[in-house]
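# Compute the structure for the input listed below.
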Amino acid sequence: MNLSRTPRLKMLAADLALLLVAAIWGGGFIASKEALSSLSAFGVMSSRFLLSAAVMFLIFHKKILRGTGREIRYGVIIGAIQFIAFIFQLNGLALTTVERHSFLVTSYAVFVPFLSVALAHNPLRRRDVGCALLAVTGLALLCLKPGNLTPTLGDVLSLMAAICFSIQIVYVGNFVKGADMFSMTFFQLLTPGLLALPFSGLPDALVCAGENALTGIAYLVLLNTVFAFSAQNIAQQHTSDAHASLIISMEAVFGFLLAVWFYNHGVSLQECLGSVLMVAAIVLSNTKK
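Numbers count the residues shown, from 1 in each chain. Below is the predicted model:
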């Protein structure tokens, strides 16, 4: 085998892995919606993250037990931000459609450059401003209807989730470089699970949950969290952050298409145009000159 081709093959494998992650996360919007059919937002959050942390500990306990204070501290901080983000996300998802929610939440890719300026003092490109305006236009077409120019509460909560996820991404990108990914990720998952537990009604709520909700939780734990988080961390060792972010942001497209198919929802021309503008903004915001 030609050794010079090895890096290219690794990058191709990383791209395919990240595309799979995006597809899994796109399906996660449906799994979350199904889980919410029997469980509260706190119930979904607590069961998802505590079970995911338990699975991770079973597989990677040796690495986790060797975790440093720095990895524990940053894992807890990121997990706390994630807890707030998922409160907004799950409550927003309960009040809007999966199609709209998938695009609204994934708008974090547009917010990240602006929060990166405020939190990490990174430079702001003119393209970032243009992408933000394009995204706002897409969001308006997606969320506002003729004769009703008021976004729904679900739309607002979904956008708040996107802002929280943006803060989380900036912290991960600028303050936790060099940490052991398995140890830090374990505490990142454990923290929101524990924070949500007192409000979750578990374990009784999980025992009484319907079949659709349990199937949704299983998907969220095994695929959406444990597998996807691990695959993302491994794949990003062989590609750039910008390139990885571009591929992962396609979860919005997968979420939209899967939701239209799964729920057999009709989509208006205005919503299609808004979705296209959102994808364009996400792609352009992550493309180098």
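# Tell me the helix or strand right after the longest helix anywhere in the chain.
As assigned by DSSP state H, the longest helix anywhere in the chain is helix 6-35. Downstream of helix 6-35, the next assigned helix or strand under DSSP states H and E is helix 41-65.
# Make sure Leu115 is actually in contact with Val170.
Yes: Leu115 lies in contact with Val170 (CB atoms under 8 Å); the separation is 5.1 Å. (Each C-beta comes from the backbone N, C-alpha and C, glycine too.)
# For these two, indicate the residue with more neighbours.
Between Leu115 and Val170, counted using other CB atoms under 10 Å, the more crowded position is Val170 (23 against 18).
# tell me the contacts of that one?
Residues near Val170 by CB atoms under 8 Å, 6 or more residues apart in numbering: 112, 115-116, 119-120.
# Would you mind giving the secondary structure of Met278?
helix (DSSP: H, G, I helix; E, B strand; the rest coil).
# now the helices for the chain?
With DSSP H as the criterion, the chain has helices spanning 6-35, 41-65, 69-94, 98-105, 108-120, 126-143, 153-175, 181-196, 204-207, 211-219, 228-235, 241-248, 251-263, 269-285.
# Least confident of the ones you listed, on average?
The stretch with the lowest mean pLDDT among the helices of the chain is helix 241-248, at a mean of 65.
# picking up where we left off before, just the helices of the chain: most buried one?
Each of the helices of the chain was scored by mean neighbour count; the highest is helix 98-105, a mean of 25, by mean count of other CB atoms under 10 Å.
# and it, what other elements does it pack with?
In this structure, helix 98-105 makes packing contacts with helix 6-35, helix 69-94, helix 126-143, helix 153-175, helix 251-263, helix 269-285, judged by 3 or more CB pairs under 8 Å, 6 or more residues apart in numbering; DSSP states H and E.
# Would you mind giving those helices as JSON lines with distance to Ala228 added?
Below are those laid out as JSON lines (distance: least, CB to CB, whole Å):
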{"stretch": "helix 6-35", "distance to Ala228": "5"}
{"stretch": "helix 69-94", "distance to Ala228": "14"}
{"stretch": "helix 126-143", "distance to Ala228": "24"}
{"stretch": "helix 153-175", "distance to Ala228": "15"}
{"stretch": "helix 251-263", "distance to Ala228": "10"}
{"stretch": "helix 269-285", "distance to Ala228": "18"}
